[in-house]
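> compute the structure for the input listed below.
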Amino acid sequence: MVNQNNRKIPIKPEKEPEDIFDFQEKGAERLAERPVERQPEVKKEAVPELKPEKEAEVEEEISRLKAAPPPVPSVKAMPAVKSPTQIEIENILSENLQDLYLTMTPAQRMQFKQKGEETASKIEIIIKSVKVKVKEILNLIRDWLKIIPGINKFFFEQEAKIKTDRILDLREKELRGKQK
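All right, here's what the predicted structure looks like:
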């Protein structure tokens with residue numbers, strides 16, 4: 001029951017038992033007096049048997065399906081072609097992280113790998129531009145390293161700075177190679 005202020009009003013039983021145990025005993029006596037109702041029995045339907053010629057067809061179809069390889073989808077994914085620069089960036093990013101990578105779950109590994117490849121491609125675009133935004137590269141690497149569970153803040157800051165410096169050195173080498 002609810003009053004005007006939307007508060008529930010407790011409903012009291014008409015007669016309260018003197019003792020809770022007394023109430024439970026009376027309830028048990030009432031249950032014992034009731035007749036037990038039986039559920040009607042469910043009849044099981046007979047499974048129709050196959051005729052011998054149909055049975056042979058079914059067996060043949062089953063063996064054919066087991067022997068045939070599953071159909072190959074017609075849509076083929078194009079393998080991502082990575083440039084040598086992107087491969088070098090991925091190598092720089094993955095340095096000193098083998099132990100941490102092995103401690104991750106398979107789902108975390110997959111996420112870490114995908115985010116790493118995405119980060120490497122973004123970094124490649126940045127370093128190929130005329131004006132390099134170092135802060136942007138550093139932020140990309142930080143965001144990628146934050147995926148590692150339980151990583152020390154100082155460790156990933158230091159790693160991000162080291163990896164950024166290595167990537168900038170890579171860019172300098174590429175620019176020198178083009179000038180010659």
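> which elements pack onto the longest helix along the chain?
What stands out as the longest helix in the chain, according to DSSP state H, is helix 153-179. When contacts are defined as 3 or more Cβ pairs under 8 Å, 6 or more residues apart in numbering; DSSP states H and E, helix 153-179 sits against helix 84-94, helix 106-128, helix 134-145. For the C-beta atoms, the positions are set from N, CA and C on the backbone; glycine is no exception.
> closest to residue 172 out of those?
Across the helices and strands packed on helix 153-179, residue 172 has its closest neighbour in helix 106-128 (9.7 Å, Cβ to Cβ).
> could you check the angle that closest one makes with helix 134-145?
If you take axes from the mean of the first three to the mean of the last three Cα atoms, to 10 degrees, helix 106-128 sits at 170 degrees to helix 134-145.
> quick one: low-confidence residue ranges for the protein.
Of all residues in the chain, those with pLDDT under 70 make up the ranges 1-54, 64-80, 180.
> which element, helix or strand, includes residue 81?
For residue 81, there is no enclosing helix or strand under DSSP states H and E.
> residues touching it, list them.
Contact analysis of residue 81 by Cβ atoms under 8 Å, 6 or more residues apart in numbering lists nothing.
> buried ones in stretch 146-157?
147-148, 156 (16 or more other Cβ atoms under 10 Å).
> what sits up against it?
97, 100, 104, 108, 111-112, 115, 142, 145.
> only alpha carbons, please: show it as PDB.
Taking Å, rounded to 0.1, in the frame of the first residue of the first chain, the C-alpha atoms of stretch 146-157 are listed here in PDB:
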ATOM      1  CA  LYS A 146      49.100   3.000 -21.700                       C
ATOM      2  CA  ILE A 147      47.400  -0.200 -23.000                       C
ATOM      3  CA  ILE A 148      50.000  -2.300 -21.000                       C
ATOM      4  CA  PRO A 149      48.300  -3.400 -17.700                       C
ATOM      5  CA  GLY A 150      50.000  -2.400 -14.500                       C
ATOM      6  CA  ILE A 151      52.700  -0.400 -16.200                       C
ATOM      7  CA  ASN A 152      54.700   2.100 -14.100                       C
ATOM      8  CA  LYS A 153      53.900   5.700 -15.100                       C
ATOM      9  CA  PHE A 154      57.600   6.700 -15.000                       C
ATOM     10  CA  PHE A 155      58.600   3.700 -17.100                       C
ATOM     11  CA  PHE A 156      56.200   4.400 -19.900                       C
ATOM     12  CA  GLU A 157      57.100   8.100 -19.900                       C
END
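> can you put the buried residues of stretch 146-157 in a markdown table and add distance to residue 167?
Output for those, formatted as a markdown table (distance: Cβ to Cβ, whole Å):
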| residue | distance to residue 167 |
| --- | --- |
| 147 | 19 |
| 148 | 19 |
| 156 | 16 |
